[in-house]
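# Could you look at this predicted model? Sequence included:
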Amino acid sequence: MTQPHLTLTLGDPAGIGPEIVLKALADERLKDYCQITVIGSRSVLESTYQQLHSLTELVSPDQISIWDVPLSAKDDLKTGMGNAATGKASFAYLNTAIEQTIAGNFDGIVTSPIAKSCWQLAGHDYPGQTEVLAQATDRDQFGMLFVARSPHTGWTLRTLLATTHIPLQQVSQTLTPALMTQKLDLLIETLQENFDIKQPQIAIAGLNPHSGENGQFGTEEQDWLFSWLEQAQTTYPDVKLIGLVPPDTLWVKAGLAWFQDQSQSPIDAYLALYHDQGLIPVKLMAFDQAINTTIGLPFIRTSPDHGTAFDIAGKGIARCDSLKAAIELAAQLTGTKS
Ligand SMILES: NC(=O)c1ccc[n+]([C@@H]2O[C@H](COP(=O)([O-])OP(=O)(O)OC[C@H]3O[C@@H](n4cnc5c(N)ncnc54)[C@H](O)[C@@H]3O)[C@@H](O)[C@H]2O)c1
Ligand SMILES: N[C@H](C(=O)O)[C@H](O)COP(=O)(O)O
């Protein structure tokens with residue numbers, strides 16, 4: 001089987017993207033999994049290399065495949081200071097990757113972090129890269145799945161977010177039976193098709209404290225979530241749906257399976273109802289291992305679970321582990337894409 005040819009976008013050029021790209025690609029083992037072409041500014045990679053190669057191990061830009069998307073001469077680039085120019089540049093890197101992947105020149109996309117605020121400054125009103133990818137591929141059913149394999153026990157934590165970049169006060173009104181069904185359908189398809197888990201066990205979080213405590217602390221569970229779950233279990237007799245688990249204890253066994261013994265949790269995936277309900281435990285346990293995987297696209301797209309880290313950009317101390325894990329997962333899943 002030929003190796004997948006992935007494209008890796010540079011992300012916001014003022015963030016840690018250029019540094020972690022050169023750090024990750026310094027690992028020769030990645031060549032065992034895939035070919036990689038970086039899409040971004042060659043000059044930014046060269047200046048990052050000049051600035052940091054004496055502090056940390058980096059691959060030289062002349063040793064890697066780069067699809068150069070130059071910064072415009074007037075772009076004001078200061079490492080650690082995202083702005084409209086860096087937002088414009090990172091938006092262009094992503095769109096070039098999408099165009100070339102749709103054209104069949106790449107098998108999948110790995111995206112380095114962008115700053116949503118810089119996209120806004122550049123006039124691109126998207127909540128993130130996920131929505132750009134979905135719009136460009138005409139997909140209205142897609143999901144944000146975080147995948148992380150424990151370096152302690154080998155157990156894999158998978159967490160799908162039912163809602164993502166919306167204000168907390170909008171979560172309850174955004175959650176509907178149709179949305180939950182859409183996300184659960186995608187999750188089950190992904191577990192069965194891409195992870196070869198034919199009869200998955202999926203835990204679903206409640207929304208309110210203690211899942212509403214019989215309506216005492218909120219009524220969404222009683223009003224519709226419990227009946228939706230019952231219906232969903234009937235729809236999927238081969239899948240074990242567990243819930244609505246009170247969110248404050250939902251992750252306890254995941255923690256034991258992550259740090260102590262994988263048999264502590266038989267759960268193949270967690271369905272969290274909103275961004276931080278799912279990502280606080282993911283990033284607490286697995287910050288350096290977790291991979292953001294967009295499900296529902298016609299091609300594989302992964303991304304590290306962290307952002308542009310403007311506060312440490314240019315210091316040579318950013319870790320590339322999550323990016324490397326994203327590259328490895330993209331290579332692995334490209335082979336299984338149905
Ligand atoms: N995948 C993505 O594109 C992605 C993910 C999350 C946040 N963001 C965006 O990034 C910007 C900054 O977000 P934030 O500050 O909330 O989160 P962040 O992940 O950029 O940083 C949070 C903290 O973690 C540290 N950190 C992050 N990545 C690290 C790494 N690889 N190695 C060492 N330390 C690391 C940072 O120094 C910072 O202290 C925002 O605009 C946000 O929207 C993008
Ligand atoms: N919510 C993700 C995280 O915290 O890692 C990230 O912001 C996703 O954003 P994109 O849609 O731009 O991948």
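Sure thing, it's come through. Residues are numbered from 1 along each chain as shown. Ligands and ions are numbered 1, 2, ... in the order given.

# Who are the contact partners of whatever residue of the stretch 201-338 of the chain ends up closest to ligand 1?
Nearest residue of the stretch 201-338 of the chain to ligand 1: Gly307, at 2.2 Å (CB to the nearest ligand atom). C-beta here means a position set from N, CA and C on the backbone, and glycine is covered the same way. Applying CB atoms under 8 Å, 6 or more residues apart in numbering to Gly307 gives the contacts 15, 113, 115.

# list the contacts for the first one?
Contacts of Gly15 were listed using CB under 8 Å, 6+ apart, and they are 80, 82, 86, 112-115, 307-310, 313.

# Quick one: buried ones out of those residues?
For the contacts of Gly15, a burial check counting by 16 or more other CB atoms under 10 Å picks out 82, 86, 112-115, 308-310, 313.

# In helices only, show me the residues you listed.
Of those, the ones assigned to helices by DSSP state H are Thr86.

# Kindly reformat the buried ones among the contacts of Gly15 as TSV containing distance to ligand 2 and pLDDT.
Shown next, in TSV, are these (distance: CB to the nearest ligand atom, whole Å; pLDDT from 0 to 100):
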residue	distance to ligand 2	pLDDT
Gly82	14	96
Thr86	15	96
Ser112	10	98
Pro113	8	98
Ile114	6	98
Ala115	9	98
Thr308	10	98
Ala309	12	98
Phe310	14	98
Ala313	17	97
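
# Save the buried ones among the contacts of Gly15 as a markdown table, and put in distance to Ala257 too.
A markdown table is the format used below for those (distance: CB to CB, whole Å):
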| residue | distance to Ala257 |
| --- | --- |
| Gly82 | 37 |
| Thr86 | 39 |
| Ser112 | 30 |
| Pro113 | 28 |
| Ile114 | 32 |
| Ala115 | 33 |
| Thr308 | 31 |
| Ala309 | 28 |
| Phe310 | 34 |
| Ala313 | 34 |
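
# ranges for the strands of the stretch 101-250 of the chain?
Along the stretch 101-250 of the chain, the segments classed as strands by DSSP state E, counting those that start in this stretch run 108-111, 143-149, 156-161, 201-205, 240-245.

# Do you have the helices of the stretch 151-300 of the chain handy? List them.
Secondary structure of the stretch 151-300 of the chain (DSSP state H, counting those that start in this stretch): helices located at 171-174, 177-193, 220, 226-235, 252-259, 275-286.

# between the second one and helix 226-235, how big is the angle?
For the pair helix 177-193 and helix 226-235, the angle between their directions (axes from the mean of the first three to the mean of the last three CA atoms, to 10 degrees) equals 40 degrees.

# who touches the residue nearest the centre of the chain in this structure?
Centrality entry for the chain: nearest residue to the mean C-alpha point is Asn292, 1.3 Å, by CA atoms, centre = their mean. Contacts of Asn292 were listed using CB under 8 Å, 6+ apart, and they are 144-146, 302-305, 326.

# contacts with ligand 1 among the residues you listed, please.
303-304 (CB under 6 Å from any ligand atom).

# At which residues are the helices of the stretch 1-150 of the chain located?
Assigned by DSSP H, counting those that start in this stretch, the stretch 1-150 of the chain shows helices spanning 17-24, 42-52, 84-102, 116-121, 129-136.

# Out of the ones you listed, which one sits most buried?
Comparing these by mean neighbour count (mean count of other CB atoms under 10 Å), helix 17-24 ranks first with a mean of 28.
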